[in-house]
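Enquirer: Predicted model and sequence below, questions to follow.
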Amino acid sequence: MKRQIVFATNNIHKLNELRAVVGNSLSILSLADINCNDDIPETGSTLEENSMIKARWVREKYGYDCIADDTGLEVEALDGAPGVYSARYAPGNGHDSQANMNLLLLNMKDKKNRKARFRTVITLLGETSGCHVVEGIVEGMISDEPRGTNGFGYDPVFIPDESSEHLSFAQMDSDAKNAISHRGRATRALLSLLKNM
């Protein structure tokens, strides 16, 4: 029987990306699969703290081994913003990806330095495995306008340095994106960790 681990997210895009990278090596359960409808707080001041808060919540309240991530877009010209606030960058309630992207482009309007990086931190918390943290980073730049319709979040305005055709994440198919993305790299680091346990 495959090892079951809960991925502490309600984001179906993140869940699908992780399952695609993991393949058949693990059974990834969603919060819905374990009937967790909690609004898990993200009160940390760093990506590491937020991923730990979410992993602990599921482990302590539901008893499952858990992986939890937090991802931030860090823009050099904005002193690392939106960073830990990436999902709630724009004012208002909820996570409005379009509003976040619009605010980012507005704040970058007159900036010549377009350098940015996506960073994903994943925490694994398990009964026998203990606590482990891995990270994935991809360097790139912010485009002047959205490009492409694939992906989610800031994907239409992020152009990874490794894209020889200068495609945004939203212009790539999922396999091409996962091969170089921050989440793909963090997930592969997680899988490598799990194989050695």
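Expert: Now that the structure is in, tell me what you want to look at.
Enquirer: contacts, neighbours, all on C-alpha from now
Expert: Fine.
Enquirer: Skipping adjacent residues, who's closest to the spatially most central residue of the chain in space?
Expert: In the chain, the C-alpha closest to the average C-alpha coordinate belongs to residue 71, at a distance of 3.9 Å (C-alpha atoms, centre = their mean). Ranked by C-alpha to C-alpha, 6 or more residues apart in numbering and with sequence neighbours excluded, the top spatial neighbour of residue 71 is residue 120, at 4.3 Å.
Enquirer: Could you list the residues in contact with the lengthiest helix in the chain?
Expert: Determined from DSSP state H, the single longest helix within the chain is helix 47-62. Identification of contacts with helix 47-62 by C-alpha atoms under 8 Å, 6 or more residues apart in numbering yields 6, 8, 34, 40-44, 64-72, 84, 120-126, 133.
Enquirer: Stretch 39-52: how far from the chain's middle?
Expert: Distance of stretch 39-52 from the chain centroid (C-alpha atoms, centre = their mean, to the nearest Å) equals 13 Å.
Enquirer: buried residues in it?
Expert: Buried residues in stretch 39-52, defined by neighbour count with 16 or more other C-alpha atoms under 10 Å: 42, 46, 47, 48, 49, 50, 51, 52.
Enquirer: Return the helix or strand in the protein with minimum mean pLDDT.
Expert: Ranked by mean pLDDT, DSSP states H and E, the helix or strand of the chain with the weakest confidence is helix 12-22, at a mean of 82.
Enquirer: hmm, who's touching that one?
Expert: With C-alpha under 8 Å, 6+ apart, helix 12-22 has contacts from 7, 9, 28, 30, 151-152, 174, 178, 183-184, 187-188, 191.
Enquirer: So which of the contacts of helix 47-62 belong to helices?
Expert: Reading helices off the contacts of helix 47-62, I find no matches (DSSP H).
Enquirer: in stretch 12-24, what counts as buried?
Expert: Buried, per 16+ other C-alpha under 10 Å, within stretch 12-24: 14, 15, 17, 18, 19, 21, 22.
Enquirer: ditto for stretch 29-38
Expert: For stretch 29-38, using 16+ other C-alpha under 10 Å, the buried residues are 29, 30, 31, 36.
Enquirer: shaky segments in the protein?
Expert: Within the chain, the stretches with pLDDT under 70 are 1, 94, 197.
Enquirer: rewinding a little: distance to residue 167 added to the buried residues of stretch 39-52, as a markdown table?
Expert: Output for the buried residues of stretch 39-52, formatted as a markdown table (distance: C-alpha to C-alpha, whole Å):
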| residue | distance to residue 167 |
| --- | --- |
| 42 | 32 |
| 46 | 29 |
| 47 | 26 |
| 48 | 29 |
| 49 | 32 |
| 50 | 30 |
| 51 | 29 |
| 52 | 33 |
